[in-house]
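Novice: Fold the following.
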Amino acid sequence: MPTIESNGISLSYEDTGGDGAVVVLIHGWPLSGASWSEQVPALTEAGYRVITYDRRGFGHSDKPDDGYDYDTFTADLAGLLDGLEVQDATLVGFSMGGGEVARYLGTYGGTRASAGVFAGAVPPYLLKSEDNPSGGLAEEDVQEMEEGARSDRAGFLQEFMKGFFSAGSELMVSQARVDQAIGLSEPARDEAVVGCIGAFGRTDFRADLAAISVPCLVIHGDSDGVVPFEVSGQRTADALSDSTLVVVEKGPHGFNVSHAEEFNRALLSFLDR
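Specialist: Next comes the predicted model:
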């Protein structure tokens, strides 16, 4: 895979090339850019130039000691877009990747990115607090996840991935797809796996969403047990000034795999608007 220097590190990326409009796919935790395998062919076939990359600490990208926070992640993304001289891209963020979409569009504006997609994404703010009672995670929940990943990473991720692809008690993909996702997490640095839990669990994106003026798609599974629709998808759609909301029936968190056809249809409809 090619690499590009961005924000002081080397990011591994893939670029399908071509003259079509640019779509940048930003992966979730604890995966890599390869987790978009169900989307890249569909987007490429439709004529889009598709860029995926591995977040710092994951996949084939550099794995530094620190920098596992959203200001740094977003600066990494900005360096990637600048280095590839991208213009008018649509940024698609799945799960924690939605945090980069929110912060990039809220901070850097729409010069290199002119639209956003929040797919099962963590904004606006997962942490329950006095001024955010609708958050989905108490501080104790975040700490429990951090400790689980720190003390028994393999066991923790095995259980996490089952819930990732389940709607209620029903696993919506094959065990092979669960194992494949676990495999994508294996190259990640331990500090990155733990650090990202604190990042997506405690970062407040409400001001970022309020600053976004470009069109955005919010797509979420109604059976997402990891990032519940009511906690994130609905509130994000309500907070954006120009949003389209699509709710996927029986969609678990990993609905870009389990409901790939419906996911891709909604994404392409938004891109072709």
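Novice: hey, let's count contacts and neighbours off CA atoms from now on
Specialist: Noted.
Novice: show me the residues around the closest residue to residue 221 other than its chain neighbours that make contact.
Specialist: Leaving out its chain neighbours, the residue that sits closest to residue 221 by CA to CA, 6 or more residues apart in numbering is residue 251, at 3.9 Å. The contact partners of residue 251, by CA atoms under 8 Å, 6 or more residues apart in numbering, come to 167, 220, 221, 222, 223, 224, 258, 259.
Novice: Likewise for residue 183?
Specialist: Contacts of residue 183 (CA under 8 Å, 6+ apart): none.
Novice: So it: helix, strand or coil?
Specialist: Under DSSP: H, G, I helix; E, B strand; the rest coil, residue 183 falls in the helix class.
Novice: likewise residue 148?
Specialist: Classified using three-state DSSP, residue 148 is helix.
Novice: which SSE is the closest residue to it other than its chain neighbours in?
Specialist: Counting by CA to CA, 6+ apart, residue 148 lies nearest to residue 156, which is 5.7 Å off, once chain neighbours are set aside. Using DSSP states H and E, residue 156 sits within helix 153-164.
Novice: average pLDDT for the helix or strand following that helix?
Specialist: Next helix or strand after helix 153-164 toward the C-terminus (DSSP H and E): strand 166-167. Average pLDDT, strand 166-167: 98.
Novice: who touches strand 166-167?
Specialist: With CA under 8 Å, 6+ apart, strand 166-167 has contacts from 172, 173, 223, 224, 225, 250, 251, 252, 253.
Novice: related to what we said a few turns ago, got the CA coordinates for the helix holding residue 156 in CSV?
Specialist: Presented in CSV, the C-alpha positions along helix 153-164 are these (Å, rounded to 0.1, in the frame of the first residue of the first chain):
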residue,chain,number,x,y,z
ARG,A,153,-7.4,-7.2,24.6
ALA,A,154,-8.1,-10.4,22.7
GLY,A,155,-11.0,-11.5,24.9
PHE,A,156,-12.5,-8.0,25.0
LEU,A,157,-12.5,-7.6,21.2
GLN,A,158,-13.9,-11.1,20.7
GLU,A,159,-17.0,-10.1,22.7
PHE,A,160,-17.1,-6.6,21.3
MET,A,161,-17.2,-7.8,17.7
LYS,A,162,-20.1,-10.1,18.4
GLY,A,163,-22.1,-7.1,19.6
PHE,A,164,-20.8,-5.1,16.7
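Novice: Run through who's touching it.
Specialist: 148, 149, 171, 178, 181, 182, 224, 225, 226, 252, 253, 254.
Novice: Figure out how far it is from the centre of its chain.
Specialist: Counting by CA atoms, centre = their mean, to the nearest Å, helix 153-164 is centred 18 Å from the centre of its parent chain.
Novice: from now on call the first residue 4
Specialist: With the count now opening at 4, the last piece we talked about shows up as helix 156-167.
Novice: which parts of it are buried?
Specialist: 156, 159, 160, 164, 165, 166, 167 (16 or more other CA atoms under 10 Å).
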